[in-house]
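>>> this one's structure only:
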Ligand code: ADP
Ligand code: MG
C-alpha cells in the first residue's frame, strides 16, 4: 500500500464553545450542532493511494458514493498498470498505431503537453520510460546505467505524443505516457465539480494528498490544510487556509529508495533522467485548478527555488510554498499561510510580487 502524502493532515472544523451559560451561545451551539449533523466523512483506497472526504450536506453519504464511482471510472481509463486502460492501450500501441481514447484522457494529455510547455519541459507527460527504468512504476527499484538513461531520454519527447479528435498516438516504439503527476489533480477538479453540481457548498477532500476545499467550514472559517514537515512525518510546518482551492505537495521524501547510502526519489528531471536535485525538500502549490496545482508541484520541484520563484513572478495564477534543504520555508505572497515550523529549525520568508 502506498502511503505517500498521508502525512498531510486535514484539520477539519473544530467548534469552540465559549460562555455556554449564556442563552445566545447555547442557541448558536444548537445551530452549529445541526450543521454538524450534516457532516459526512469517508475514507477509501483508489488510484494507489488513500482518499478522504468530508462533505457538509444532508445527502453527503450518497454524494460521496457518487464521487467514489467517478474516481473509479477515471482510474479505470487512466491507470498505467490496469491492462485495458486508455493509457495501457496507448502505451502498448506506441510506434504502431493510434488508439481511441476517452474525452478525459484527451483533456489530460492535452493539458499535460500544454502545461509541460509552459513549465519549460520540467513536467514531461512522456517521462514514463525513465520512471520505469528507476523501478517506480512496478516498485522494483534499481539505479539505471547512464547509457540506458541516455537511450531512454530519446523516447520522452512530449511533441511525439500526437493527439487527434478522440485518438492518440505515440510516434516511437518504446514511448509511454505516465499520468501519475497529473491524474489526481484532474480527478480532484472533477470531484469538486460533481460535489458542487449536487449542491455541496462546503467540503474538503484529499486524493492522496491532492487536497481540494470547497467553500468554507460550517463555522464560517476557511478550511485549513497542514503543510507537512518533510523531515518528520509526525510534524507540520504550518497551516494553509483555502477556499475553493486545491493544495498539492510534491516532495522527494514521499517516494524513494536507498542504494549504497544514497536516496533516489520519484520526481525525475527530464533534462538528466535522474531524480531532480534542486535543493528542495518539497513544493506545495495552491491554485483554483487541481490539475494545474498537480502539474506545477512536480514542475517547480524540478525547477528549484530560484527558477520556481521566477516562474511564479512570470506566470501568476497560483501560489507556492517551497521547503528547502537549507531549512527555509518560502511562501509567495498570495498564500494565506501561518508558519509554525520554528521548533524544527526552519526559518520563514515571504516573497512579494515584483
Ligand atoms: P505523486 O507521486 O504524489 O503523484 P507528483 O505529483 O509529484 O507526486 O508526481 C510524481 C509522479 O509523476 C511520479 O511518480 C512519476 O510517475 C511522474 N513523474 C516523475 N517525474 C515527472 C516529470 N518530470 N514530469 C511528469 N511526470 C513525472
Ligand atoms: Mg504533481
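That came through fine. Keep in mind the model is a prediction, meaning the values are calculated, not measured. Ligands and ions are numbered 1, 2, ... in the order given.
>>> Now do stretch 150-170: everything it contacts.
When contacts are defined by CB atoms under 8 Å, 6 or more residues apart in numbering, stretch 150-170 is touched by residues 86, 90-91, 93-95, 97-101, 103, 105-106, 109-110, 112-113, 116-117, 121, 124-130, 133, 144, 171-172, 174-177, 270, 273. In short, each C-beta sits where N, CA and C put it, glycine included.
>>> Is it in proximity to ligand 1?
No. For stretch 150-170, no contact with ligand 1 is found by CB under 6 Å from any ligand atom; the gap never falls below 9.0 Å.
>>> And that stretch, end to end?
Start-to-end span of stretch 150-170 (CA to CA, to the nearest Å) is 19 Å.
>>> pLDDT of it, averaged?
Mean pLDDT, computed over stretch 150-170, is 97.
>>> Repeat that for stretch 173-186.
Mean per-residue pLDDT for stretch 173-186: 96.
>>> and it, how far apart are its ends?
One end of stretch 173-186 to the other measures 27 Å (CA to CA).
>>> Identify the residues contacting residue 109.
By CB under 8 Å, 6+ apart, the residues touching residue 109 are 101, 125, 161, 163, 168, 177.
>>> The residues you listed: which two are farthest apart?
Using CB to CB, those reach their maximum pairwise distance at 101 and 125, which is 13.3 Å.
>>> Just the buried positions in the longest helix along the chain, please.
Longest among the helix segments of the chain by residue count, using DSSP state H, is helix 60-78. Within helix 60-78, the residues that count as buried by 16 or more other CB atoms under 10 Å are 60, 63-64, 67-68, 71, 74-75, 77-78.
>>> Which neighbouring elements make contact with that helix?
Judged by 3 or more CB pairs under 8 Å, 6 or more residues apart in numbering; DSSP states H and E, the packing partners of helix 60-78 are strand 39-46, strand 49-56, helix 86-92, helix 103-118, helix 183-197.
>>> Swap in 10 Å and give it another go.
Applying 3 or more CB pairs under 10 Å, 6 or more residues apart in numbering; DSSP states H and E, we find helix 60-78 packed against strand 39-46, strand 49-56, helix 86-92, helix 103-118, helix 183-197, strand 203-207.
>>> of all those, which lies closest to ligand 2?
Of all those, helix 183-197 sits nearest to ligand 2, with 6.4 Å by CB to the ion.
>>> does any part of the closest one sit near ligand 2?
No. Shown here: helix 183-197 not in contact with ligand 2 (CB under 5 Å from the ion), separated by at least 6.4 Å.
>>> So which bits of that helix are buried?
Residues of helix 183-197 classed as buried by neighbour count (16+ other CB under 10 Å): 183-192, 194-195.
>>> before we move on, back to that, could you check the angle helix 183-197 makes with the longest helix of the chain?
150 degrees (axes from the mean of the first three to the mean of the last three CA atoms, to 10 degrees).
>>> Use 50 as the first number from now on
That works, and once the first residue is 50, the last one we named lands at helix 109-127.
>>> I'd like the mean pLDDT over helix 109-127, please.
97.
>>> contacting residues around whichever residue of the stretch 50-199 of the chain sits closest to ligand 2?
Relative to ligand 2, the nearest point of the stretch 50-199 of the chain is residue 172 (7.9 Å; CB to the ion). By CB atoms under 10 Å, 6 or more residues apart in numbering, the contact set of residue 172 is 161-162, 164-166, 207, 230-231, 316, 319, 343-352.
>>> Which of those residues are buried, as a ChimeraX select command?
This is the ChimeraX syntax for the buried subset of the contacts of residue 172, where burial follows 16+ other CB under 10 Å:
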select :161,162,164,165,207,230,231,316,319,343,344,345,346,347,348,349,350,351,352
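>>> Please state the offset of the longest strand seen in the chain from the chain centre?
Scanning the chain for the strand with the most residues, using DSSP state E, yields strand 281-291. When distances are taken as CA atoms, centre = their mean, to the nearest Å, strand 281-291 is centred 16 Å away from the chain's centroid.
>>> Quickly run through the sheet partners of it, with directions.
Here strand 281-291 is paired, per DSSP bridges, with strand 272-278 (antiparallel), strand 385-388 (antiparallel).
>>> one step back: return the entry from the contacts of residue 158 with the maximum number of neighbours.
residue 226 (29 neighbours; other CB atoms under 10 Å).
>>> ok, that residue to residue 102 distance?
Counting by CB to CB, to the nearest Å, the separation of residue 226 from residue 102 is 28 Å.
>>> try residue 117
Distance of residue 117 to residue 102, computed by CB to CB: 8 Å.
>>> same check, this time on residue 376
For residue 376 relative to residue 102 (CB to CB), the value is 35 Å.
>>> Comparing the two, which shows the higher neighbour count?
Just comparing residue 376 and residue 102: by other CB under 10 Å the higher neighbour count belongs to residue 102, 23 against 13.
>>> Around ligand 1, pick out the residues from the chain.
Residues of the chain lying near ligand 1 by CB under 6 Å from any ligand atom: 53-54, 172-173, 176, 180, 185, 227, 229-230, 258, 299, 304, 315-317, 319, 343, 346-347, 351.
>>> Mind checking which of those land in helices?
Residues of the residues of the chain next to ligand 1 located in helices (DSSP H): 180, 343, 346-347, 351.
>>> who in the protein is up against ligand 2?
230, 299, 343, 346-347.
>>> Let me have those residues in a markdown table, extended by distance to residue 386.
A markdown table is the format used below for the residues of the chain next to ligand 2 (distance: CB to CB, whole Å):
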| residue | distance to residue 386 |
| --- | --- |
| 230 | 24 |
| 299 | 17 |
| 343 | 20 |
| 346 | 16 |
| 347 | 21 |
